[in-house]
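Asker: next input, structure requested:
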Amino acid sequence: MAELLLLGTGAALTADGGREPTMLALRGQKSTILIDCGSNPIRQLQRMQVPLDSIERLILTHSDPDHISGLGLLVVMFWLHCLPHCRALPIHGPADAIGVARRLLAQWDTSKWKGMPELEWHEVTLSVGAPIATGADFELTAAPGVHHVPVIGIRARDLHGGGVVVFSADGEPSPGIRALAQGADWLVHEATGVFPGHSTAEAAAELARAAGARRLILVHLAASFADLDAQRRAAEQIFGGEVWLGRDLDRYKF
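Answerer: Predicted coordinates for the structure are as follows:
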């Protein structure tokens, strides 16, 4: 059975120091998929005792700093860990996110980094059901969300057990994410609050119910600015089932 790992669950405006920026991992029988890297996902994987040589690919949902700014550290730690036999690291995302990521990494001259892994860049189209990749454990597809920059949500189907996890990424509830979340075992949806380009917990619950998702996890949380438990209870009333508040280093099987 596959696992969903919450490496970080905070919003950019989180000020209490209790949460890393929102980023996820999917752990299968043979591989690990990283989704976003706003801070240091490698350290979080180590804390969860996930082998770093299992990292198969990285997906960037969009170009905001709290979802992409840890990329340089991720690459250098991946390189140093996998020496002397570094394999390529595929990086997927919307064209905007890929462009920002490449410019970010261009700040460092890596020409003398012996054994530096090749970074394989793959742009994901902004369409419902857009293919990302099919790897050792997961079939990965995407759909566009609604944010102030181009953004994709992600649907991951476990090739072995058939379980499905969907991640909304940042954004207002949208037709694209609702289509992506149809029948999902777990919907991981942002619940920043009443901010342009974001979602409330109640709106996330409405989308989850409309999509027929079985379970709902709220992330991208602003604990210093909201009563999170009150938001969870309100979401449960709308969703009609149990709603989880995501916490850093939580694990869920699917």
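Asker: elements contacting whichever strand or helix holds V100?
Answerer: Following DSSP states H and E, one finds V100 within helix 95-105. Counting contacts by 3 or more Cβ pairs under 8 Å, 6 or more residues apart in numbering; DSSP states H and E, helix 95-105 packs against helix 65-68, helix 71-82, strand 89-93, strand 119-123. Heads up, the C-betas are built off the backbone N, CA and C, glycines and all.
Asker: quick one: low-confidence residue ranges for this structure.
Answerer: Scanning the chain for pLDDT under 70 picks out the ranges 14-16.
Asker: nearest the geometric middle of it, what residue?
Answerer: Taking Cα atoms, centre = their mean, the centroid of the chain lies closest to I35, which sits 3.6 Å from it.
Asker: quick check: that one touching F167?
Answerer: Yes. If you go by Cβ atoms under 8 Å, I35 and F167 touch, sitting 6.2 Å apart.
Asker: circling back to that earlier point, spatially nearest residue to the residue nearest to the centre of the chain (excluding sequence neighbours)?
Answerer: Spatially, and ignoring its direct neighbours in sequence, I35 is nearest to L24 (4.3 Å; Cβ to Cβ, 6 or more residues apart in numbering).
Asker: which residues touch that neighbour?
Answerer: Shown in contact with L24 (Cβ atoms under 8 Å, 6 or more residues apart in numbering): 4-7, 34-36, 167, 188.
Asker: where's it, which helix or strand?
Answerer: Using DSSP H and E, L24 falls in strand 23-27.
Asker: partners of that strand in the sheet?
Answerer: strand 3-8 (antiparallel), strand 32-35 (antiparallel) (DSSP bridges).
Asker: deepest-packed of these, please.
Answerer: Neighbour counts (mean count of other Cβ atoms under 10 Å) averaged over each of the strands paired with strand 23-27 peak at strand 32-35, with a mean of 26.
Asker: any idea which helix or strand comes after it?
Answerer: helix 41-47.
Asker: residue ranges of the strands in this protein, please?
Answerer: With strands called from DSSP state E, the chain shows them at 3-8, 23-27, 32-35, 55-59, 89-93, 119-123, 130-134, 138-144, 152-158, 164-167, 186-190, 216-219, 243-245, 251-253.
Asker: can you lay out those as a markdown table showing distance to T200?
Answerer: Formatted as a markdown table, these follow (distance: least, Cβ to Cβ, whole Å):
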| stretch | distance to T200 |
| --- | --- |
| strand 3-8 | 20 |
| strand 23-27 | 21 |
| strand 32-35 | 22 |
| strand 55-59 | 25 |
| strand 89-93 | 26 |
| strand 119-123 | 31 |
| strand 130-134 | 27 |
| strand 138-144 | 20 |
| strand 152-158 | 17 |
| strand 164-167 | 17 |
| strand 186-190 | 10 |
| strand 216-219 | 10 |
| strand 243-245 | 13 |
| strand 251-253 | 22 |
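Asker: comparing those strands, which comes out most buried?
Answerer: strand 186-190 (a mean of 29).
Asker: mind saving the C-alpha coords of it as PDB?
Answerer: Extracted in PDB, the C-alpha atoms of strand 186-190 (Å, rounded to 0.1, in the frame of the first residue of the first chain):
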ATOM      1  CA  TRP A 186      -7.800  11.400  -0.300                       C
ATOM      2  CA  LEU A 187      -8.200  15.000  -1.400                       C
ATOM      3  CA  VAL A 188      -5.400  17.200   0.000                       C
ATOM      4  CA  HIS A 189      -6.800  20.700  -0.400                       C
ATOM      5  CA  GLU A 190      -5.400  24.100   0.600                       C
END
